Every structure is written in structure tokens, then in C-alpha cells.
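>>> Got a sequence here, can you model it:
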Amino acid sequence: MQLAKNTTVQKFVLLGFSNYLTFQTVLFCAVFLTYIICVLGNITIFLLVKIESSLHTPMYFFISIFTVLEIMFVSVTVPKLLAILIQTEKTITFFGCFIQLYAFNALGETECFLLSLMVFDRYLAISNPLRYYAIMKPSSYQIVIFGWACFQFFIKLSILPWLFGFSISSFPTVQTFLLDFCGPNEIDHFFCDLAPLQGLACSDQFASNLTTVVAAFFSIAAPFFVIVGFYVHIIYTVLRIKSKEGKMKAFSTCSSHLIVVSLFYGSAIIVYLKPKGSHYDKFLALTYTVVTPLLNPFIYTLRNTEVKIALRKVARCAIK
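Presented below is the predicted three-dimensional model:
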């Protein structure tokens with residue numbers, strides 16, 4: 001069946017790591033183990049925030065949403081990667097490829113917006129504590145979500161990253177879908193991404209490339225500039241605190257988020273700004289599709305005193 005005017009491609013072949021045949025089994029085991037730990041780690045943080053009342057604050061509400069987002073994000077690419085590592089059939093259907101493409105970009109862009117929203121929470125708490133605690137008054141949290149009372153103001157804000165992420169990512173996805181695919185169907189990657197797909201098109205790619213750049217600016221670059229701007233204000237406020245203990249406490253509330261932002265944007269920048277065509281591109285892509293979601297639960301656990309106390313408390317209750 002012809003899918004578009006000049007499109008004859010029915011399936012795409014995900015080449016993945018086919019150049020490293022001797023390491024296929026080792027890579028499968030490593031990715032599978034990483035995926036399981038990642039999912040279990042994020043589920044643990046989500047349930048911990050839900051169970052422990054001391055963590056029922058806007059910051060941990062956003063972290064719980066972030067854990068759900070991470071599970072979804074890693075689950076878009078890893079199951080298919082595991083399949084192509086052990087199967088001789090490495091194909092994905094035309095529509096399946098674009099569904100994966102849309103989900104991957106939508107969730108990734110949602111994560112960018114959510115990270116900027118999380119730093120806004122820290123900005124309010126440090127730079128405008130009176131306003132922050134006014135929002136946190138009991139009269140302001142009358143909605144129950146995920147099993148606990150949440151703050152209406154932050155609930156409304158938490159919807160925006162999903163709305164922006166899934167809306168903006170639809171434009172380059174649709175533009176790429178409208179391209180004609182009539183020639184080679186081998187994608188030199190382990191999942192369907194915009195650049196490899198656009199490179200296979202046999203029609204003019206100008207509109208698709210332009211839409212991709214514009215979408216990337218609004219969904220990736222713009223949130224990054226927002227994050228940097230808020231951190232400049234936070235650092236300025238913290239430096240004005242006279243006591244050393246006060247400065248350390250303020251910085252500690254942002255350290256976990258800052259590490260997560262650095263990992264996410266750092267790995268993405270390296271992948272997309274380096275020269276294309278290297279086989280190492282796929283290994284670098286593993287850092288932000290698999291490794292970063294794995295590290296995030298440990299970052300929020302090991303560097304956060306409140307989470308460690310809550311973990312010990314829940315563990316003691318479970319033992320009893």
C-alpha cells in the first residue's frame with residue numbers, strides 16, 4: 001500500500017549496533033540491567049514521595065512527576081533496542097517508527113519544560129520565601145492527586161510541560177511524516193529520530209529541517225535559557241545571605257536539580273553539536289536515553305538528606 005504520494009517504504013531497518021556483533025550479547029545484558037534498575041529506581045522514588053508525608057511538598061511533587069516521565073522516556077526506546085540486539089529481524093513499521101519518533105521527542109521536550117519548572121520552584125523558595133510559603137498554606141492545597149493533597153497552583157503549572165512538549169513536538173513530526181520515502185530504508189541508529197529519518201527522504205527537506213530547528217529552539221534552548229536565568233537570580237540571592245550555614249542550605253536545595261540539568265543538557269549538546277557520521281554517536285545517545293534516567297533516582301537519593309531520612313524511615317517500618 002502506498003502511504004503517501006511518492007512513498008513506497010513500508011518498513012525501516014534499525015541498524016543499531018550491528019557493527020559490533022561480538023558485543024551484542026554483552027550490550028543486551030548491560031542495557032537490560034540498566035533498564036530494570038532505572039525503572040525500579042524511579043518507581044521507588046515515586047512511591048517514597050507518595051508514602052512519606054514529610055515529602056508532600058511542591059518540590060517532591062515535581063520530582064514524582066519527573067520519575068514517571070523518566071520511566072516513559074526510557075521505555076520508548078529501550079524495549080525496541082533490546083529486541084534488535086537479540087533478533088535477526090531489525091525492522092520497525094513505517095507508522096511504528098513515527099509513533100516512536102513523536103513519543104521520544106514529546107517526552108524529551110516535556111522533560112526540558114519540567115526541569116525549567118522545577119528550578120522555578122527552587123527560585124520561589126529561595127528568592128521569595130514569603131510568597132512561596134503563602135502558596136503552601138493549607139487553604140491552597142485542596143486537590144488530591146497521586147494519593148496526597150497537592151497545591152493547586154503547582155498542579156496547574158505541572159500541566160504546562162506536558163502541553164508544551166506534546167504540542168511543539170507534533171510540528172516537526174508531521175513535517176517529517178509528509179516527506180516522501182522512496183529509496184533506502186536503513187536507519188543508522190537504534191531508534192527513530194528526526195535527523196536520521198530526514199536523511200532518508202527523497203523529497204525537499206527544507207520545511208522539515210526548518211520546523212525542527214524552530215521547535216528545538218522553543219522546546220530545548222528556551223527552557224535552558226530560563227533555567228540559566230533563574231540560577232543567576234538564585235546565586236545572586238544566596239551570595240547575599242550572610243551566614244555560611246544559610247548559604248550551604250540554600251545551595252544544597254538546588255544541587256540535585258543542577259546535576260540532573262547538567263547531565264541531561266550536557267549529553268544532548270555533545271550528541272547534537274559534534275560532527276555527524278561517527279559510530280560513537282549511538283553510544284553517546286545511550287547516555288541521555290538510558291544512562292541519565294538511571295542516574296537521576298540516585299542523584300535525588302544520595303544528595304538529598306530528606307529523601308535519605310524518608311528511605312530509612314520507610315525501611316524501618318517495612319522491617320517491623
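>>> Show me what stretch 85-101 is in contact with.
Stretch 85-101 is contacted from outside by 3, 7, 9-18, 24, 27-28, 31, 76-77, 80, 84, 173, 176-177, 181, 187, 191-194, 197, using CB atoms under 8 Å, 6 or more residues apart in numbering. Quick note: C-beta positions are derived from backbone N, CA and C, even for glycine.
>>> Cross these against helices and list the overlap.
24, 27-28, 31, 76-77, 80, 84, 173, 176-177, 194, 197 (DSSP state H).
>>> which regions of the protein sit below the pLDDT cut-off?
For the chain, applying pLDDT under 70 flags the ranges 1-6, 133-153, 271-280, 320.
>>> Helices of that one, residue ranges please.
Applying DSSP H to the chain gives helices spanning 24-51, 58-86, 94-127, 129-135, 152-168, 170-177, 194-200, 206-216, 222-239, 244-273, 280-286, 292-302, 305-319.
>>> Please check the contacts of stretch 85-101 and keep the buried ones.
7, 9, 12-17, 27-28, 31, 76-77, 80, 84, 173, 176-177, 181, 187, 191-194, 197 (16 or more other CB atoms under 10 Å).
>>> now the ones in helices among the contacts of stretch 85-101 in JSON lines, with distance to Arg122?
Listed next are the ones in helices among the contacts of stretch 85-101 as JSON lines, based on distance: CB to CB, whole Å:
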{"residue": "Gln24", "distance to Arg122": "43"}
{"residue": "Leu27", "distance to Arg122": "37"}
{"residue": "Phe28", "distance to Arg122": "39"}
{"residue": "Val31", "distance to Arg122": "33"}
{"residue": "Val76", "distance to Arg122": "28"}
{"residue": "Thr77", "distance to Arg122": "30"}
{"residue": "Lys80", "distance to Arg122": "35"}
{"residue": "Ile84", "distance to Arg122": "40"}
{"residue": "Thr173", "distance to Arg122": "32"}
{"residue": "Thr176", "distance to Arg122": "36"}
{"residue": "Phe177", "distance to Arg122": "38"}
{"residue": "Leu194", "distance to Arg122": "32"}
{"residue": "Leu197", "distance to Arg122": "37"}
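>>> How about the contacts made by the closest residue to Met59 other than its chain neighbours?
The shortest distance from Met59 to any residue other than its chain neighbours is 5.5 Å, reached at Asp121 (CB to CB, 6 or more residues apart in numbering). Each residue near Asp121 by CB under 8 Å, 6+ apart is listed here: Pro58, Met59, Phe62, Phe154.
>>> Leu302: neighbour count?
Other residues lying near Leu302 total 10 when counted by other CB atoms under 10 Å.
>>> Counting neighbours, what do you get for the closest residue to it other than its chain neighbours?
Nearest non-adjacent residue to Leu302, counting by CB to CB, 6+ apart: Lys308, 7.5 Å away. Residues near Lys308, counting by other CB under 10 Å, number 12.
>>> Next: the one 5 residues further on.
For Lys313, the count of nearby residues is 14 (other CB under 10 Å).
>>> How about Arg131?
Counted with other CB under 10 Å, Arg131 comes out at 11.
>>> That one contacts Phe120, doesn't it?
No: counting by CB atoms under 8 Å, Arg131 does not reach Phe120; the two are 12.0 Å apart.
>>> follow-up on the earlier one: look up how far Ile155 lies from the residue nearest to Met59.
Distance, Asp121 to Ile155, using CB to CB, to the nearest Å: 13 Å.
>>> Could you do Ala285 as well?
Taken as CB to CB, the span from Ala285 to Ile155 is 33 Å.
>>> Who has more neighbours out of the two?
Shown here are Ala285 and Ile155; by other CB under 10 Å, Ala285 has more neighbours (20 against 15).
>>> isn't the more buried one right up against Ala195?
No: using CB under 8 Å, Ala285 is not in contact with Ala195, being 10.9 Å away.
>>> Can you get me a residue count around the residue nearest to Ser64 when sequence neighbours are not counted?
Distance criterion CB to CB, 6+ apart; nearest residue to Ser64, sequence neighbours excluded, is Val49 at 4.4 Å. When counting by other CB under 10 Å, one arrives at 26 neighbours for Val49.
>>> and if you look at Thr57?
The burial count for Thr57: 17, using other CB under 10 Å.
>>> Now do the phi/psi pair for it.
Taking degrees, to the nearest 10, you get phi -130, psi 160 for the backbone angles of Thr57.
>>> now do Ile241
Per degrees, to the nearest 10, the backbone of Ile241 is at phi -70, psi 130.
>>> for the ones in helices among the contacts of stretch 85-101, which one is nearest Tyr102?
Taking CB to CB as the measure, Tyr102 sits nearest to Thr173 out of those, at 4.5 Å.
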